[in-house]
Every structure is written in structure tokens, then in C-alpha cells.
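Engineer: no sequence on hand, only this structure:
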């Protein structure tokens, strides 16, 4: 086992700086069954760093710290077992629809939602 990274981390992790990182973590737990790994609060009650794991991937998050670390709109693609059910679950958890799940030219059925923190999640299930 290599010592260059924590055992439960993937080699590449998205780092999301969002308004309301704590609420984003709650959204990820509710919609994608994320497991919270770490949470470090800042002095103002927000988060200076947090990590969640969704299946085989760690996602890092923080609240913005202007002017050096502003919130940035991000797009994340995630494969799930049932795109339709996950899409509905995301809407119930407060996300806004970007695109209802549909099958286009590739083999995936894909839909999109924007969470309350501003991240757009492209949700897909590989077609048969």
C-alpha cells in the first residue's frame, strides 16, 4: 500500500468551493448516500475544508474565502444505478432541474440538476 495518499482516497478528487458547503454535504448524503470523512469548520461557522466519499470517489468542499477563494460554479458527472430515481431524489432534496433524464446519442441515459449551492450534477446510468 502506497503512503502518498490516505487509503480511502482516489487519486483525483474534485474540490468544490460553494456557498453553503455544509448544506451541499447534506444534499450529497441525501441524494448520493455520501459518507462524510472529514469536516474542519472555520472561525465564522462555515467550512474551511470537508471531504465526503461517494462510492469510489472523494469530493472535497469548502465555503468561499473572498477574495482569494471565491465560490465557483462547477459541473460534476456521476454514474448511479438508477438515473430516474436519483434525479427525482435530487429534486425532492431541493435541486433545480437542468435536464430531465433522457437517452441521446451515446450509451448513457443522463439528466442534470443544480444543487442549492450552485453545483450542476450530471447524473447518468449506462444504457443496455
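Structural biologist: Ah, there it is. Because the structure is predicted, anything quoted here is derived from the model rather than measured. Numbering: from 1, shown residues only.

Engineer: what about stretch 7-21, distance to the chain center?
Structural biologist: How far stretch 7-21 lies from its chain's middle: 8 Å, per C-alpha atoms, centre = their mean, to the nearest Å.

Engineer: and the helices in the chain, which stretches?
Structural biologist: Using DSSP state H, the helices of the chain run over residues 21-32, 83-92.

Engineer: from residue 102, how far out is the residue nearest in space to the middle of the chain?
Structural biologist: By C-alpha atoms, centre = their mean, the mean C-alpha position of the chain lies nearest to residue 28, the distance being 5.8 Å. Per C-beta to C-beta, to the nearest Å, residue 28 is found 24 Å from residue 102. C-betas here are computed from N, CA, C, even on glycine.

Engineer: and residue 39, bridged to which residues?
Structural biologist: Beta bridges link residue 39 to residue 50, judged by DSSP bridges.

Engineer: surely it is in contact with residue 46?
Structural biologist: No - Residue 39 is not in contact with residue 46 according to C-beta atoms under 8 Å; the separation is 10.9 Å.

Engineer: what about the strands in this structure?
Structural biologist: Along the chain, counting by DSSP state E, strands occupy 15-17, 35-41, 47-54, 57-62, 75-79, 96-103, 108-114, 120-126.

Engineer: if you count contacts, what does the second one end up packed against?
Structural biologist: Under the contact definition 3 or more C-beta pairs under 8 Å, 6 or more residues apart in numbering; DSSP states H and E, strand 35-41 sits against helix 21-32, strand 47-54.

Engineer: same check, this time on the last one
Structural biologist: Using 3+ C-beta pairs under 8 Å, 6+ apart, the elements in contact with strand 120-126 are strand 75-79, helix 83-92, strand 108-114.

Engineer: what strands line up against that strand, and which way round?
Structural biologist: Partners of strand 120-126 in its sheet, by DSSP bridges: strand 75-79 (parallel), strand 108-114 (antiparallel).

Engineer: which one of those strands is the most hemmed in?
Structural biologist: strand 108-114 (a mean of 20; mean count of other C-beta atoms under 10 Å).
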